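A.B. asks: Below: sequence and its predicted model.
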Amino acid sequence: MTKLLPLLIGATAVALVFPSAFERYRASLVSEGEVERLEPPVAVVEAAVPRPSGRMVRLPAGSDGHFRVEARFDGRNEEVLVDTGATYVALGQETARRLGVRVDPSDFVHRAQTAQGTVRAALAKVRRLSIGPVEAADVDVMVLEGQGPGVTLLGMSFLTRLSRFEVSDGRLTLVQ
């Protein structure tokens, strides 16, 4: 330790006699006569993001690898097939009537591509759609003219309302 003491004293003396590298660098950035400006730090703003409610449901895959579950449309039960490839929750006209989703014939102004081909479709809303404790309000649904897909599809208009959904170990987890 006593051998390092003269080295430390020498380094301190050199630092006091000559300007530091930082001072020279700072001087090169500010021209003669200019005032050095310091920009205020970026403000951190907290956003009001809804926190997950902690409601979750896990669905086992069927023997065919698909996820089917009983859903409630404004209090009425309907079996649905989870379909991440479907933009909307999709149901046939008769199913829509049974579930209380009202559309007029003049509402069928859209076209939808289904496994059975192109069909006319109408957009509507379901006030409350739930799968167990997981629920969403005012969900967009697409009513397909005629029989529709044969099964009600739970599409992205519901799934994107969740904080997350994922498939792992043969189960689909929906988290609100």
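C.D. replies: On my side now, so go ahead.
A.B. asks: Contacts only, for the closest residue to residue 77 other than its chain neighbours.
C.D. replies: Counting by CB to CB, 6 or more residues apart in numbering, residue 70 is the residue found nearest to residue 77 once chain neighbours are left out, at 5.5 Å. Using the backbone N, CA and C atoms, a C-beta is placed for each residue, glycine as well. Residue 70 makes contacts with 77-80, 131, as judged by CB atoms under 8 Å, 6 or more residues apart in numbering.
A.B. asks: hmm, 10 Å instead?
C.D. replies: Residues in contact with residue 70, defined by CB atoms under 10 Å, 6 or more residues apart in numbering, are 77-80, 130-132.
A.B. asks: now residue 122
C.D. replies: So residue 122 contacts 93, 96, 101-110, 112, 141-145 (CB under 10 Å, 6+ apart).
A.B. asks: go on, residue 62?
C.D. replies: 68, 81, 170.
A.B. asks: now these in CSV, with distance to residue 60?
C.D. replies: Converted to CSV, these look like this (distance: CB to CB, whole Å):
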residue, distance to residue 60
68, 10
81, 14
170, 7
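A.B. asks: Tabulate these (TSV), appending neighbour count.
C.D. replies: Below are the contacts of residue 62 laid out as TSV (neighbours: other CB atoms under 10 Å):
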residue	neighbour count
68	17
81	18
170	11
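A.B. asks: Out of those residues, list just those in strands.
C.D. replies: Applying DSSP state E to the contacts of residue 62, the entries found in strands are 68, 81.
A.B. asks: Can you tell me which of the contacts of residue 62 lies closest to residue 158?
C.D. replies: Residue 158 lies nearest to residue 81 out of the contacts of residue 62, by CB to CB, at 12.2 Å.
A.B. asks: Double-check that closest one against residue 154; I have them as touching.
C.D. replies: Yes. If you go by CB atoms under 10 Å, residue 81 and residue 154 touch, sitting 6.7 Å apart.
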